[in-house]
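Novice: Below: sequence and its predicted model.
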Amino acid sequence: MREWCVKSEWMMIGLEQVGLTTADFKPVQLRSKSISRPILQDISLQFDDQQIVGIVGATGAGKTSLLKLLNRLVDPSHGQLYWQDQPYSQIPVSQLRKQILLVPQEPKLLDMTVAAAIVYGLKLRGQSESQLQTALSQWSERLQIPPDWLTKSEAGLSLGQRQWVTIARGVACEPTVLLLDEPTAHLDQDYTERLKNVLQRLMSRSTRLIMIASHDWQWLEKVCDRVVYLQAGRLTHDHAVQDIDWAALGQELQAESKAIADEWA
Ligand SMILES: Nc1ncnc2c1ncn2[C@@H]1O[C@H](COP(=O)(O)OP(=O)(O)OP(=O)(O)O)[C@@H](O)[C@H]1O
């Protein structure tokens with residue numbers, strides 16, 4: 001057993017002393033070419049079955065970067081990630097991404113109609129035309145997507161509607177691990193409630209682990225079993241949801257966001 005692995009011998013995903021710097025991004029991914037600086041520092045974590053995990057932290061704390069590492073959009077500068085006890089580096093990326101799926105922050109439909117977008121991931125996974133048709137009607141119903149959306153493209157949808165379709169594209173694949181980046185950013189209360197139900201149903205059907213990076217910590221409180229807290233790229237808290245003082249956490253997040261905004265001003 002690895003010495004940091006304190007809870008159980010088996011884990012679904014593990015991170016051992018993982019660090020990430022801006023230099024680890026591929027040139028096309030880099031947003032700015034300033035000197036290399038750390039984004040995530042010495043993150044050790046493990047995730048087991050049947051958890052919905054919230055990832056919280058102020059703007060720029062490293063939440064999206066953590067999800068990108070988990071989905072292998074970027075590799076760490078040091079440390080190791082494990083998928084079911086096997087190092088990420090030994091698993092073909094395509095195989096890993098069939099199991100671990102990221103729904104990104106930006107809701108993009110990639111020039112498709114809503115109908116094509118919803119089953120896009122399933123098409124990539126080799127499903128036949130008739131399977132895709134069945135999946136489309138099932139997932140449209142489960143996510144209450146109105147029929148008149150299906151023939152629309154991105155331009156005909158609001159930002160929130162696009163976000164909902166992007167989520168539908170991810171959950172329709174029923175991945176073993178679903179990573180969601182700011183899934184409620186453009187959703188109203190009705191849709192955030194629906195999303196909670198969709199995720200809980202997904203966990204009872206097929207998906208075994210869901211991780212959600214979000215600023216919407218009041219929603220996370222209702223959805224998650226566990227919350228990890230990143231501060232300036234470091235993991236500072238990791239608690240079961242019932243052990244969290246949400247008011248104190250909210251204050252801490254607000255104070256940290258303000259400090260960052262002051263620094264930038
Ligand atoms: N592609 C990139 N190129 C350069 N720097 C990056 C890139 N992605 C992230 N960073 C830097 O890494 C840090 C963490 O960014 P990240 O997007 O992971 O934060 P976050 O916690 O998800 O923030 P937010 O809440 O605003 O979405 C930031 O300082 C950011 O500028």
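Specialist: Right, received. Where do you want to start?

Novice: how many neighbours does residue 146 have?
Specialist: 10 (other C-beta atoms under 10 Å). (Each C-beta comes from the backbone N, C-alpha and C, glycine too.)

Novice: got the contact list for it?
Specialist: Applying C-beta atoms under 8 Å, 6 or more residues apart in numbering to residue 146 gives no contacts.

Novice: The ligand contacts on the stretch 151-265 of the chain?
Specialist: Within the stretch 151-265 of the chain, the residues that sit near the ligand (C-beta under 6 Å from any ligand atom) are residue 213.

Novice: where does the stretch 151-265 of the chain have low pLDDT?
Specialist: 264-265 (pLDDT under 70).

Novice: residue boundaries of the strands in it?
Specialist: 177-181, 209-213, 226-231, 234-240 (DSSP state E, counting those that start in this stretch).

Novice: and the second one, how far from the chain's centre?
Specialist: Centroid separation for strand 209-213 versus its chain: 5 Å, with C-alpha atoms, centre = their mean, to the nearest Å.

Novice: what's it packed up against?
Specialist: strand 51-56, helix 63-70, strand 177-181, helix 189-205 (3 or more C-beta pairs under 8 Å, 6 or more residues apart in numbering; DSSP states H and E).

Novice: That one pairs with which strands, and in what direction?
Specialist: strand 51-56 (parallel), strand 177-181 (parallel) (DSSP bridges).

Novice: The longest one near the ligand at all?
Specialist: No. Strand 51-56 lies apart from the ligand when judged by C-beta under 6 Å from any ligand atom; the minimum separation is 8.2 Å.

Novice: Would you mind pulling the contact partners of that strand?
Specialist: With contact meaning C-beta under 8 Å, 6+ apart, strand 51-56 is reached by 47, 63, 66-67, 199, 203, 209-215, 217, 220, 223-230, 241, 249, 253.

Novice: how distant is stretch 126-146 from the center of its chain?
Specialist: Per C-alpha atoms, centre = their mean, the centroid offset for stretch 126-146 relative to its chain is 22 Å.

Novice: again, but for stretch 133-151
Specialist: 23 Å.

Novice: Compare the helices and strands packed on strand 209-213 and give me the one nearest residue 40.
Specialist: Minimum separation from residue 40 across the helices and strands packed on strand 209-213 (C-beta to C-beta) falls at helix 63-70, 5.7 Å.

Novice: Redo the strands of the stretch 151-265 of the chain as JSON lines? Include mean neighbour count.
Specialist: Below are those laid out as JSON lines (neighbours: other C-beta atoms under 10 Å):
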{"stretch": "strand 177-181", "mean neighbour count": "24"}
{"stretch": "strand 209-213", "mean neighbour count": "25"}
{"stretch": "strand 226-231", "mean neighbour count": "21"}
{"stretch": "strand 234-240", "mean neighbour count": "14"}
